[in-house]
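Participant: My questions concern the predicted model and sequence given below.
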Amino acid sequence: MNQGSSTEAIQTNIGCPATSAIYFNEAIFETDSSHLCSILQGSSIAYFSVETICESIILQAESFRFVGFSLVKRKGNKPAHILAQVAKQIGDFNL
């Protein structure tokens with residue numbers, strides 16, 4: 001899994017509790033990483049480097065009435081890609 005995929009995993013890990021905190025009980029999280037998407041959908045095994053993060057996402061996802069993980073290529077989701085680039089520049093972010 002490359003650094004971009006690891007960044008997306010971290011963002012999703014932050015996004016789960018943030019989404020729940022604003023009282024959404026149904027969510028679809030989108031990623032442009034096919035490997036991350038397949039891990040979160042349960043059809044692939046996580047690399048050691050992101051295993052704990054992915055386990056955390058899956059555990060948090062259980063609190064939603066419905067949750068989905070969707071693959072959206074970067075070209076199809078420019079706003080999300082731009083936000084991901086901004087998030088990379090933030091650096092040390094703590095909730």
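Facilitator: Everything's here; your move.
Participant: contacting residues for Asn13?
Facilitator: Neighbour list for Asn13: 53, 56-57, 60 [criterion: Cβ atoms under 8 Å, 6 or more residues apart in numbering]. C-beta: built from backbone N, CA, C; applies to glycine.
Participant: TSV please, covering these and showing distance to Ile45 and neighbour count.
Facilitator: Shown next, in TSV, are the contacts of Asn13 (distance: Cβ to Cβ, whole Å; neighbours: other Cβ atoms under 10 Å):
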residue	distance to Ile45	neighbour count
Ile53	14	18
Ser56	16	17
Ile57	14	24
Gln60	19	17
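Participant: Quick check, Glu8 in contact with Ser33.
Facilitator: Yes. With contact defined as Cβ atoms under 8 Å, Glu8 counts as touching Ser33 (5.2 Å).
Participant: And those two? Which one has more around it.
Facilitator: Glu8 (26 against 21; other Cβ atoms under 10 Å).
Participant: Do you know the pLDDT at the more buried one?
Facilitator: If you check Glu8, the pLDDT there is 82.
Participant: One more: Ile82?
Facilitator: You'll see Ile82 listed with a pLDDT of 76.
Participant: State which helix of this structure is the longest.
Facilitator: Ranked by residue count under DSSP state H, the longest helix found in the chain is helix 3-21.
Participant: From the rest of the structure, what touches the helix or strand that it is followed by?
Facilitator: Of the helices and strands lying after helix 3-21 in sequence (DSSP states H and E), the nearest is strand 26-31. Contact partners of strand 26-31, identified using Cβ under 8 Å, 6+ apart, comprise 5, 8, 12, 15-16, 19, 37, 40, 64-72, 77, 80.
Participant: can you rerun that using 10 Å?
Facilitator: Counting by Cβ atoms under 10 Å, 6 or more residues apart in numbering, strand 26-31 makes contact with 4-5, 8-9, 11-12, 15-16, 19-20, 36-37, 39-40, 57, 61, 64-72, 76-77, 80, 84, all of which sit outside it.
Participant: pLDDT (mean, whole number) over it?
Facilitator: When the per-residue pLDDT values of strand 26-31 are averaged, the result is 89.
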